[in-house]
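Student: just coords:
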């Protein structure tokens, strides 16, 4: 679904199934129903920082860059879910590499 290093023009909501998230070939997460991924490329336009591959048949909702900001206004729960996910990733990254 996503390859590390590629430019991102969309994010995904995993409606059903499971995906594996890998960074530099190492699995860092397995995501299931309701997970949002790929959103970093829409918030901060930089190359994708992870590869996401399917572990089972999946159904995803693809949200384009043009639709992303208006959708956050229309569906505040999505914005909250994205913020919670980003906070979780920041916390995990801080545990791996504490700031000094």
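Tutor: Cool, the structure landed. Keep in mind it's a predicted model, so treat the numbers as computed, not measured.

Student: how much space separates residue 13 from residue 75?
Tutor: 10 Å (C-beta to C-beta, to the nearest Å). No exception for glycine: its C-beta is placed from N, CA and C like everyone else's.

Student: which one of those two is surrounded by more residues?
Tutor: residue 13 (19 against 11; other C-beta atoms under 10 Å).

Student: can you verify my assumption that that one contacts residue 58?
Tutor: No. Under the criterion of C-beta atoms under 8 Å, residue 13 makes no contact with residue 58, lying 10.8 Å away.

Student: for the spatially most central residue of the chain, give me its contacts.
Tutor: The centroid of the chain falls nearest to residue 37 when counting by C-alpha atoms, centre = their mean (1.7 Å). Residues near residue 37 by C-beta atoms under 8 Å, 6 or more residues apart in numbering: 2, 11, 12, 14, 19, 21, 31, 52.

Student: that one pairs with what?
Tutor: Note on residue 37: beta-bridge partners by DSSP bridges are residue 12.

Student: give me the distance between the two termini of stretch 35-45.
Tutor: Using C-alpha to C-alpha, to the nearest Å, one end of stretch 35-45 lies 20 Å from the other.

Student: please disregard the earlier target; I meant stretch 60-68.
Tutor: So stretch 60-68: terminal residues 15 Å apart, C-alpha to C-alpha.

Student: what about it, distance to the chain center?
Tutor: Stretch 60-68 sits 12 Å away from the centroid of its parent chain (C-alpha atoms, centre = their mean, to the nearest Å).

Student: for that stretch, list every residue counted as buried.
Tutor: Of all the residues in stretch 60-68, those buried under the rule 16 or more other C-beta atoms under 10 Å are 60, 63, 68.

Student: go on, stretch 41-50?
Tutor: Those would be 41, 42, 48, 49, 50, for stretch 41-50 by 16+ other C-beta under 10 Å.

Student: what's in contact with the worst-scoring helix or strand of the chain on mean pLDDT?
Tutor: Ranked by mean pLDDT, DSSP states H and E, the weakest helix or strand in the chain is helix 76-96, scoring a mean of 82. The contact list for helix 76-96, computed with C-beta under 8 Å, 6+ apart, reads 13, 34, 35, 36, 39, 40, 71, 72.
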